[in-house]
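Okay, here's the prediction I keep looking at, along with the sequence it came from:
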Amino acid sequence: MDSWSGGARNRPLRPWKPALDAASKSPKTIISYPDCVKRLEEYLAAHELPMEPPSIRGFLAAGRDRAQATGAAGRAGPGS
C-alpha cells in the first residue's frame with residue numbers, strides 16, 4: 001500500500017512539530033501545516049474519499065472556493 005492509498009486516511013497525523021522546529025520555521029507555520037493536514041483528513045473522511053491526487057485537488061478547490069466567497073462577501077461591505 002503506497003502513501004496515496006485509501007488506508008492512509010486513517011493514519012494519525014505525522015509529528016510535524018520537531019521537523020518544523022529543526023528547520024527554524026515560524027510559529028504560524030508550525031501551527032498551520034498540521035492544521036491543514038487535519039482539515040484534509042477530515043474532508044476526505046466526510047466525503048469518503050481515498051488519499052489520492054484527485055481527492056486532494058478537490059480539497060484544495062473547495063478551500064479556494066470558500067476563500068473566494070469569503071473575500072467577495074468582505075469586499076461587498078456592510079449593508080450591501
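Happy to help now that I have it.

switch to C-alpha atoms for all contacts and neighbour counts from now on
OK.

Quick one: neighbours of A23, just the number.
9 (other C-alpha atoms under 10 Å).

who are the neighbours in contact with it?
With contacts taken as C-alpha atoms under 8 Å, 6 or more residues apart in numbering, A23 has no neighbouring residues.

any weak-confidence spans in this protein?
1-14, 72-80 (pLDDT under 70).

which helix in it runs the most residues?
Longest helix in the chain, counting residues (DSSP state H): helix 53-76.

Next, the buried residues of that one.
Under the neighbour-count criterion of 16 or more other C-alpha atoms under 10 Å, helix 53-76 has S55, I56, F59 buried.

pretty sure the first one contacts A46?
No - taking C-alpha atoms under 8 Å as the definition, S55 is not a contact partner of A46, at 11.7 Å.

if I look at the residue nearest the centre of the chain, how far off is W16?
Nearest to the mean C-alpha position of the chain, by C-alpha atoms, centre = their mean, lies C36 at 3.2 Å. C36 sits 11 Å away from W16, going by C-alpha to C-alpha, to the nearest Å.

what's the closest of the buried residues of helix 53-76 to L20?
I56 (22.3 Å; C-alpha to C-alpha).

isn't that closest one right up against L40?
Yes - with contact defined as C-alpha under 8 Å, I56 reaches L40; the gap is 7.4 Å.

Name the helix or strand for K28, please.
Taking DSSP states H and E as the criterion, K28 maps to helix 27-46.
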